[in-house]
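Engineer: coordinates for the following, if possible.
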Amino acid sequence: MQENKVLPQPHLLSWVQETSGQPVSRCYQCYKCTGGCPVASFMDILPHQIVRCLHLGLEDELLKSKSIWLCASCHTCKARCPNGIDIASINDVLKAKVISRGLVPASSTIATFHREFLASVEKYGRAHELGLVMAYKWKTRDYWKDLSLGVKMFRKGKFRLWPDRIQNKEQLRSIFKRARGEA
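Structural biologist: Presented below is the predicted three-dimensional model:
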């Protein structure tokens, strides 16, 4: 009986380095990124292992991973890395690849939040928290779970009714078009 083996993608490392701007090939697996990561205990592939998977060309494993969606983008990995590798930036390009390929994200609720966050930034130039939360709740159909917290935040002025808008929307549009490969 023949096994179905996933073949490594040798171009993955160079693509991620070019797209994310991160010097991934400089990693020598010191594990400092993982040691400082506040969400590592929830990940299926640890931060240093994400980099190792890139070196090995294990694209399928990375794109199916929950870890790329769980990353808090706190940049502790970059602060601790002797080579300044920002794994949050690597995760961002891997998330974009999952979305562009139409793959099912390993954590659909986090992916939904990610998409709604980007849509809010694209529309207003920054996140409009109230609109973001409402859109997220609508998409996930989880309307009531955090209602009491939402009311408290609204009362404390943490949710603005109307979004702030930026001045140069054309520049913002061009950034999003370039990110999608449209320009």
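Engineer: which residue lies nearest the spatial centre of the protein?
Structural biologist: In the chain, the centroid-proximal residue (C-alpha atoms, centre = their mean) is residue 92; its distance is 4.1 Å.
Engineer: and that one, helix, strand or coil?
Structural biologist: Using DSSP: H, G, I helix; E, B strand; the rest coil, the structure places residue 92 in helix.
Engineer: what comes up buried for stretch 147-160?
Structural biologist: Applying a neighbour-count criterion of 16 or more other C-beta atoms under 10 Å, one finds 150, 159 buried in stretch 147-160. Where C-beta positions appear, they are placed from N, C-alpha and C, glycine not excepted.
Engineer: nearest spatial neighbour of the residue nearest to the centre of the chain, chain-adjacent residues omitted?
Structural biologist: Distance criterion C-beta to C-beta, 6 or more residues apart in numbering; nearest residue to residue 92, sequence neighbours excluded, is residue 20 at 7.0 Å.
Engineer: wouldn't the one you found be in contact with residue 93 here?
Structural biologist: Yes: with contact defined as C-beta atoms under 8 Å, residue 20 reaches residue 93; the gap is 4.6 Å.
Engineer: could you check which of those two has the larger neighbour count?
Structural biologist: Remark: of residue 20 and residue 93, residue 20 carries more neighbours, 21 against 18, as counted by other C-beta atoms under 10 Å.
Engineer: contacts only, for that one.
Structural biologist: By C-beta atoms under 8 Å, 6 or more residues apart in numbering, residue 20 lies in contact with 86, 89-90, 92-93.
Engineer: change it to 7 Å
Structural biologist: Residue 20 makes contacts with 89-90, 92-93, as judged by C-beta atoms under 7 Å, 6 or more residues apart in numbering.
Engineer: what about the residue nearest to residue 21 when sequence neighbours are not counted, which SS state?
Structural biologist: In space, residue 21 comes closest to residue 89 once its chain neighbours are excluded; the distance is 6.7 Å by C-beta to C-beta, 6+ apart. Under three-state DSSP, the three-state class of residue 89 is helix.
Engineer: residues touching residue 89, list them.
Structural biologist: 20-22.
Engineer: state the distance from it to residue 116.
Structural biologist: From residue 89 over to residue 116 the distance is 21 Å, taken as C-beta to C-beta, to the nearest Å.
Engineer: tell me which helix or strand residue 136 sits in.
Structural biologist: If you go by DSSP states H and E, residue 136 is part of helix 129-140.
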